[in-house]
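1. Need a 3D model of the sequence below.
(4 chains)
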2 protein chains.
Amino acid sequence: MTRKDEEPVGSGALDRVTWALRRAELAVQTLKEQRLRPLGMAAAHYTLLMSVHSEPGLAGAELARRLNVTPQAVASLVARLEGRGQLERREHPRHRHVQELHLTDAGREALRAADQVIADIEHHITEGLGPEESAQLRTLLDQVSKAVRNA
Amino acid sequence: MTRKDEEPVGSGALDRVTWALRRAELAVQTLKEQRLRPLGMAAAHYTLLMSVHSEPGLAGAELARRLNVTPQAVASLVARLEGRGQLERREHPRHRHVQELHLTDAGREALRAADQVIADIEHHITEGLGPEESAQLRTLLDQVSKAVRNA
DNA sequence: AGCGGTGTGTCAAACGCTTGATACTCATGA
DNA sequence: TCATGAGTATCAAGCGTTTGACACACCGCT
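-> Model prediction:
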């Protein structure tokens, strides 16, 4: 319970937990982007394809909720990936306005290649940390997510 | 040392460490953005102002290196913040082409208000985690950053 | 049967950031 | 001295995302 008004501003602001979090995430994301680029895929594309793969037939808005982004963000990605023939928009049987999202064969193949890259990165990180530290890190990160959610 | 080729693609991809990392960072960043909005400041602005505050007189390119972004990203932020009168570009005494970055009084005041908000969030998180877990999380995150840097 | 909500998709504008390319300023060495 | 190189700033184009606003389709209620 240290007083925070004593310091005018941000003396120790650079070693806050959220900064470490930001740095780590930025580093990981940048690495993914670099490794994925040769495959002609952005990290956001991989995330979307993976989500559709794990829950096929989802609507765009629902998918947006899963990914914590806006429906528009999903829509623009879907448009791009559909144009590339990796994603497919089918008409929902009951709601004509709604469209289900499905992977094409090309999409599955692209995802498989991309996942190889991502899994490698993941493996390199968890290897550097060790198994129990990795599990603990995941636990702590989930606690952060939860703490922030009901802030 | 489990074989990863056994699974066609991403069976357990959703509970990877990097996903937990992404979710946590996204949640934190979103919360910061929400809380900062009433002050008319984006999280990126806060980050930049804080950096300039901690190391005044830095050049844009040097600052970009500190923040792990491109010089252009810094330039556009600087332009915006300068237009708002919170940041100042002075001519470098030796290099005429280079410009030092300094906070104005208005910038210092805006930063103070913003830092209050950020410090609150940080405090809420570390409080929910506990002191030794917070320290451990920071350690683990720094390990991740380091592991990624020399990937 | 008709009506209002709720959910969904989409258009427009803006922001933060990236890559690629270009121009400028200083320092170093042939 | 003067050319080459390193560091810096800036322009242009594009991507992914957000907010705001709008239109459309279903569902449940009166």
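2. In stretch A:88-102, which residues are buried?
-> A:88, A:100-101 (16 or more other C-beta atoms under 10 Å in any protein chain shown). For the C-beta atoms, the positions are set from N, CA and C on the backbone; glycine is no exception.
3. can you put those in TSV and add secondary structure?
-> Shown next, in TSV, are the buried residues of stretch A:88-102 (DSSP: H, G, I helix; E, B strand; the rest coil):
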residue	secondary structure
A:Glu88	strand
A:Glu100	strand
A:Leu101	strand
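4. These into JSON lines, with extra columns for pLDDT?
-> As requested, the buried residues of stretch A:88-102 are arranged in JSON lines below (pLDDT from 0 to 100):
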{"residue": "A:Glu88", "pLDDT": "96"}
{"residue": "A:Glu100", "pLDDT": "96"}
{"residue": "A:Leu101", "pLDDT": "97"}
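5. The helix or strand of chain A with the lowest mean pLDDT and chain B, are they touching?
-> Sorting the helices and strands of chain A by mean pLDDT, DSSP states H and E puts helix A:17-36 at the bottom, at a mean of 92. Yes: using C-beta under 8 Å from any C-beta of the partner chain, we find that helix A:17-36 touches chain B at A:17-18, A:20-32.
6. next SSE after that helix?
-> Remark: after helix A:17-36, the chain's next helix or strand is helix A:43-54, criterion DSSP states H and E.
7. Do any residues in the helix or strand immediately after that following helix in the chain lie close to chain B?
-> The C-terminal neighbour of helix A:43-54 among helices and strands, as given by DSSP H and E, is helix A:60-67. No: judged by C-beta under 8 Å from any C-beta, helix A:60-67 stays clear of chain B, getting no closer than 8.9 Å.
8. Next, the angle from helix A:60-67 to helix A:43-54.
-> With axes from the mean of the first three to the mean of the last three C-alpha atoms, to 10 degrees defining the directions, helix A:60-67 sits at 110 degrees from helix A:43-54.
9. what about helix A:60-67, average pLDDT?
-> On average, the pLDDT along helix A:60-67 is 96.
10. Closest to chain B out of the buried residues of stretch A:88-102?
-> Closest approach between the buried residues of stretch A:88-102 and chain B, by C-beta to the nearest C-beta: A:Leu101, at 16.1 Å.
11. hey, what's the closest one bridged with?
-> Here A:Leu101 shows beta-bridge partners A:Arg89, assigned using DSSP bridges.
12. correct me, but it touches A:Glu55?
-> No: proximity of A:Leu101 to A:Glu55 does not meet the contact threshold set by C-beta atoms under 8 Å, at 9.0 Å.
13. anything in contact with each of the two?
-> Here A:Leu101 and A:Glu55 share the contacting residues A:Leu63, scored by C-beta atoms under 8 Å, 6 or more residues apart in numbering or on different chains.
14. Separate out the buried members of the residues of helix A:17-36 next to chain B.
-> Here, 16+ other C-beta under 10 Å leaves A:17-18, A:20-29, A:31-32 buried among the residues of helix A:17-36 next to chain B.
15. next SSE after the longest helix belonging to chain A?
-> The helix spanning the most residues in chain A, taking DSSP state H as the definition, is helix A:105-129. Sequence order places helix A:131-149 as the next helix or strand after helix A:105-129, per DSSP H and E.
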